[in-house]
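Engineer: How does the following fold in three dimensions:
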Amino acid sequence: MDTAAATPLSFRDATEADVDALVALVESAYRGDSSRAGWTTEADILDGQRTDPEGVRDIVTSPDSRLLTVEREGRIVACCQLEHRGEHAYFGMFAVSPEQQGAGLGKAVLAEAERRARETWGATEMHMTVISVREDLIAWYERRGYRRTGRTTPFPYGDERFGIPRRADLAFELLVKPLV
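Structural biologist: Numbers count the residues shown, from 1 in each chain. Model prediction:
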């Protein structure tokens, strides 16, 4: 049995003191060679950054948003954004340390995020957007009750805050899950 997986997780809202560590976590999960240790990498479709300190700080300080921070043995190992949007909550900036992917940590974080959105805000649905060419990631969310809506929004080509695309067919697809 993996002892790291057996170690309890602690969940808390991020503070401004966590910003640099959270940026590093998100970058490690999605960009560059370090992201290839896990399965969530976007390194084959995007170069550049996934987020920056300003973007993370905006989430941490927004009154309608929180960045759920997950620690194991005092180390940040995962995070996700939750934003209150009326009857639904938005789930984003989900990152799990590449070395800890594939052992159920992501499932535990997603379940806790759904519970908090339901109990804290009374949200009846969770919404998220996923890059539409990420079929493996979309399938992972579908196994957890999310459904594809077919509704897409364009990828922000030319805005390097979101990365530098390596292909011309990127878009975000809305996934939705009832929380009742």
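Engineer: Show me what counts as buried in the strand ranked longest in the chain.
Structural biologist: As assigned by DSSP state E, the longest strand anywhere in the chain is strand 75-85. Buried residues in strand 75-85, counted by 16 or more other CB atoms under 10 Å: 76-84. Glycine gets a C-beta too; all of them are placed from N, C-alpha and C.
Engineer: Could you do stretch 157-177 as well?
Structural biologist: 162-163, 165, 170, 172-175, 177.
Engineer: Widest-spaced pair of those?
Structural biologist: Largest separation among the buried residues of stretch 157-177 by CB to CB: 165 and 177, giving 27.5 Å.
Engineer: The lengthiest helix in the chain - contacts with which helices or strands?
Structural biologist: Looking across the chain with DSSP state H, the single longest helix is helix 105-121. In terms of contacts (3 or more CB pairs under 8 Å, 6 or more residues apart in numbering; DSSP states H and E), helix 105-121 is packed against strand 9-13, strand 65-72, strand 75-85, strand 88-96, strand 125-131.
Engineer: Out of the buried residues of stretch 157-177, list just those in strands.
Structural biologist: 165, 172-175, 177.
Engineer: Kind regards, and thank you for your time.
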